[in-house]
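**Student:** sequence plus the predicted model coming up.
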Amino acid sequence: MIRRNSRQRQLILDVMQGRGVHMNAEQVYVRVREQDPSIGIATVYRNLNLLAEMGEIRKFQDRSGSGYMYDGNVSRHHHFYCRYCGRYFDVSFQTEEQLIVQLQKEMGVEVEDLDISLEGCCKQCKDQREKEKEGTEQWN
């Protein structure tokens, strides 16, 4: 099925373009409305899902449990989720192919896709927590 590229879809795609862009539908909606106040939330949801189906953006489950996130980077990569600030960071690994070969050999499976999701504390939050801890220790 051939889909024509609508102005609204292109606007959403423009907002999503770039490495490190991870937003939920509501965040995309806010950004898109800055450029086109007439666009509705249903249009944003519909076009985000369509763009994901077309392979123009990536869609993945939000680790916070609040629905889906959309990623403007469609190259093969994985995500690190910070439990403290809720941000996502793009991650890639040197040993991906070795892992796939090992799994295929040991388990006899055929790996068709690899999606690794890491979770923890990002550097900014870690630094902030350490700073707060040092401040608390001074008063004890």
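**Tutor:** All right, it came through fine.
**Student:** where are the low-confidence patches of the chain?
**Tutor:** In the predicted model of the chain, residues 1-5, 18-19, 137-140 satisfy pLDDT under 70.
**Student:** buried sites along the longest helix seen in it?
**Tutor:** As assigned by DSSP state H, the longest helix anywhere in the chain is helix 123-138. For helix 123-138, a neighbour-count test (16 or more other CB atoms under 10 Å) marks Cys125 as buried. Just so you know, the C-beta spots here come from the backbone N, C-alpha and C atoms, and that holds for glycine as well.
**Student:** list the contacts of it.
**Tutor:** Cys82, Tyr84, Cys85, Cys121 (CB atoms under 8 Å, 6 or more residues apart in numbering).
**Student:** switch to 6 Å and redo it
**Tutor:** Cys82, Tyr84, Cys85 (CB atoms under 6 Å, 6 or more residues apart in numbering).
**Student:** just the CA atoms of that helix, as PDB, please.
**Tutor:** Only the C-alpha atoms of helix 123-138 are listed here, as PDB (Å, rounded to 0.1, in the frame of the first residue of the first chain):
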ATOM      1  CA  LYS A 123      26.000  10.000  35.100                       C
ATOM      2  CA  GLN A 124      24.200  13.200  35.800                       C
ATOM      3  CA  CYS A 125      21.900  11.700  38.400                       C
ATOM      4  CA  LYS A 126      24.800   9.700  39.900                       C
ATOM      5  CA  ASP A 127      26.900  12.900  40.200                       C
ATOM      6  CA  GLN A 128      23.900  14.700  41.800                       C
ATOM      7  CA  ARG A 129      23.300  11.900  44.300                       C
ATOM      8  CA  GLU A 130      26.900  11.800  45.300                       C
ATOM      9  CA  LYS A 131      27.000  15.500  45.700                       C
ATOM     10  CA  GLU A 132      23.800  15.300  47.900                       C
ATOM     11  CA  LYS A 133      25.400  12.500  49.900                       C
ATOM     12  CA  GLU A 134      28.600  14.500  50.500                       C
ATOM     13  CA  GLY A 135      26.500  17.400  51.700                       C
ATOM     14  CA  THR A 136      24.600  15.200  54.200                       C
ATOM     15  CA  GLU A 137      27.800  13.700  55.500                       C
ATOM     16  CA  GLN A 138      29.200  17.200  56.300                       C
END
